[in-house]
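Visitor: pasting the sequence and the predicted model now:
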Amino acid sequence: MEGLADPSFTAPVYCSEVTAAILTRIRRGHKGKNVDKHFQLGTDVEPTYRHLETRLVRPVAMDGGGGGRRCRAVCRDVFEILCGIKRFGSLELRDGTRITVTLLPANHCPGSTMFLIDGPRGAVWYTGDLRAEQWFLDGLLDSPLLQNDAGNGLKKFERIYLGTTFSQEAFVEFPTKEESIDAVLEVVYGEDKNKHVRLCCSILGYELIWKRIATTFRTKIYVSPARYDVYANFSPVPPSRSPGDISDIVHHLTTIPADTRFHACDNFCEVCKSMAEANNLISIKPSTMAWAEDLEDAQKGFRTKHGRATPGKPEDRDYVRRMGKNRVVR
Ligand SMILES: [Zn+2]
């Protein structure tokens with residue numbers, strides 16, 4: 001999001017409803033502003049992207065309520081996600097060409113989306129960061145949105161811009177979200193049940209871990225008021241029965257540190273500091289990089305387990321093979 005933070009940025013920002021709901025509430029921290037890392041939230045800074053409020057362009061629902069209802073054989077999770085498909089209507093480019101831009105779920109952090117662009121010169125798919133788990137990929141490729149006009153196969157794309165952050169040999173084996181969450185729970189179960197647990201996190205993308213821990217241990221997760229505020233306006237997220245549903249995440253959070261032994265502090269809060277001094281604190285840092293490379297953070301005393309990320313090589317190959325692309329741009 002570099003560039004967007006510049007107050008002089010005045011171009012329209014086409015984004016999902018969820019992104020529009022949370023972006024202007026994010027208070028991105030900086031070193032020296034009461035946070036350790038720039039990708040954490042700050043507690044004493046102004047909302048970083050507030051100046052974009054009038055620049056955010058939200059999509060509208062597709063006619064017929066979304067292509068997902070016509071899917072042939074998708075699993076329940078993808079079905080529910082695709083029912084929420086939205087698009088920006090007809091957009092006119094500078095040369096007068098008209099295109100449609102459809103937002104597809106990316107199975108990544110809240111608000112993440114892929115862009116499907118259709119115009120007179122063909123179709124383009126821009127994935128951005130995505131989590132191409134097999135069940136997700138199967139359901140997505142079954143969507144009518146990706147079928148050709150004859151209805152007998154997948155659409156031909158002129159370009160696919162493919163997120164390949166983890167297309168390295170080190171990530172050939174890649175954990176699913178569920179496996180990652182199970183690994184975090186495994187660490188917690190392996191510790192004394194009175195231990196204070198600090199769940200290290202970045203700006204977004206750890207909500208499912210919090211929800212599983214909150215429901216498993218029948219507790220809440222402590223977050224800073226700044227982080228709570230990010231989720232307080234989460235109404236654009238449609239509730240569902242999907243295990244990936246985080247529409248109710250705010251109900252699993254608390255801003256009172258003493259309410260729970262599970263903390264997702266942006267920086268060490270006073271409770272975490274005292275617990276660390278009493279040697280009663282474990283820190284869990286879900287990290288794909290650390291999972292593969294084992295493990296710089298472990299040397300600092302973190303318990304490290306794998307977390308969120310974009311697809312590794314096998315998924316890339318399968319994805320590209322099935323898309324029938326003309327050209328893939330990494
Ligand atoms: Zn804390």
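Guide: Received, thanks.

Visitor: quick test: name the residue nearest the centre of this protein.
Guide: Within the chain, one residue has its C-alpha closest to the average C-alpha position: by C-alpha atoms, centre = their mean, that is C109, at 0.6 Å.

Visitor: isn't that one up against L204?
Guide: Yes - contact criterion C-beta atoms under 8 Å: C109 and L204 qualify, at 4.3 Å. C-beta coordinates here come from the backbone N, C-alpha and C atoms, glycine included.

Visitor: quick check: residues of the protein near the ion?
Guide: Counting by C-beta under 5 Å from the ion, the residues of the chain close to the ion are H263, C265, C269, C272.

Visitor: now, these that are in helices?
Guide: Helix and strand membership here follows DSSP state H; of those, those in helices are C272.

Visitor: quick check: the farthest pair among the residues of the chain next to the ion?
Guide: When the residues of the chain next to the ion are compared pair by pair using C-beta to C-beta, the farthest-apart members prove to be H263 and C269, with a separation of 6.5 Å.

Visitor: compare the two (neighbour count), which wins?
Guide: A count of neighbours by other C-beta atoms under 10 Å puts H263 above the other of H263 and C269, at 24 against 17.

Visitor: check contacts around the more buried one.
Guide: Taking C-beta atoms under 8 Å, 6 or more residues apart in numbering as the definition of contact, the neighbours of H263 are H196, V197, R198, L199, I221, Y222, P257, C269, V271, C272.

Visitor: among these, the buried ones, what's the ChimeraX command?
Guide: Here is the ChimeraX command that selects only those of the contacts of H263 that count as buried (16 or more other C-beta atoms under 10 Å):
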select :196,197,198,199,221,222,269,271,272
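
Visitor: kindly reformat the contacts of H263 as TSV containing pLDDT.
Guide: As requested, the contacts of H263 are arranged in TSV below (pLDDT from 0 to 100):
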residue	pLDDT
H196	95
V197	95
R198	94
L199	91
I221	97
Y222	96
P257	95
C269	90
V271	95
C272	94
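
Visitor: restricted to helices, list the contacts of H263.
Guide: Of the contacts of H263, the ones assigned to helices by DSSP H are V271, C272.

Visitor: which of the contacts of H263 fall within strands?
Guide: Assigned to strands by DSSP state E, the following of the contacts of H263 qualify: H196, V197, R198, L199, I221, Y222.

Visitor: which two among those residues are spaced furthest apart?
Guide: Maximum distance among the ones in strands among the contacts of H263 (C-beta to C-beta): 12.5 Å, for H196 and I221.

Visitor: now stretch 91-102: buried residues?
Guide: Within stretch 91-102, the residues that qualify as buried by neighbour count (16+ other C-beta under 10 Å) are L91, I99, V101, T102.

Visitor: so can I have JSON lines of the ones in strands among the contacts of H263 showing distance to N152?
Guide: Supplementary listing: the ones in strands among the contacts of H263 in JSON lines, determined by distance: C-beta to C-beta, whole Å:
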{"residue": "H196", "distance to N152": "58"}
{"residue": "V197", "distance to N152": "53"}
{"residue": "R198", "distance to N152": "53"}
{"residue": "L199", "distance to N152": "48"}
{"residue": "I221", "distance to N152": "48"}
{"residue": "Y222", "distance to N152": "54"}
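
Visitor: which residues touch the nearest residue to L130 once chain neighbours are set aside?
Guide: Leaving out its chain neighbours, the residue that sits closest to L130 by C-beta to C-beta, 6 or more residues apart in numbering is A106, at 4.1 Å. By C-beta under 8 Å, 6+ apart, the contact list for A106 reads S112, T113, M114, T127, G128, D129, L130, R131.

Visitor: show me which of those are buried.
Guide: S112, T113, M114, T127, D129, L130, R131.

Visitor: strands - which of the residues you listed land there?
Guide: Of the buried ones among the contacts of A106, the ones assigned to strands by DSSP E are T113, M114, T127.

Visitor: from R55, how far off is the last one?
Guide: When distance is defined by C-beta to C-beta, to the nearest Å, T127 is 24 Å away from R55.

Visitor: thinking again about what came up before, need the residues touching each of H263 and C269.
Guide: Common neighbours of H263 and C269 (C-beta under 8 Å, 6+ apart) are Y222, P257.

Visitor: where do the domain boundaries of this protein fall?
Guide: The chain breaks down by automatic domain parsing into domains covering 59-169+311-329, 177-305.

Visitor: nearest to H51 among those domains would be which one?
Guide: When the domains of the chain are ranked by distance to H51, counting by C-beta to C-beta, first place goes to domain 177-305 at 17.2 Å.
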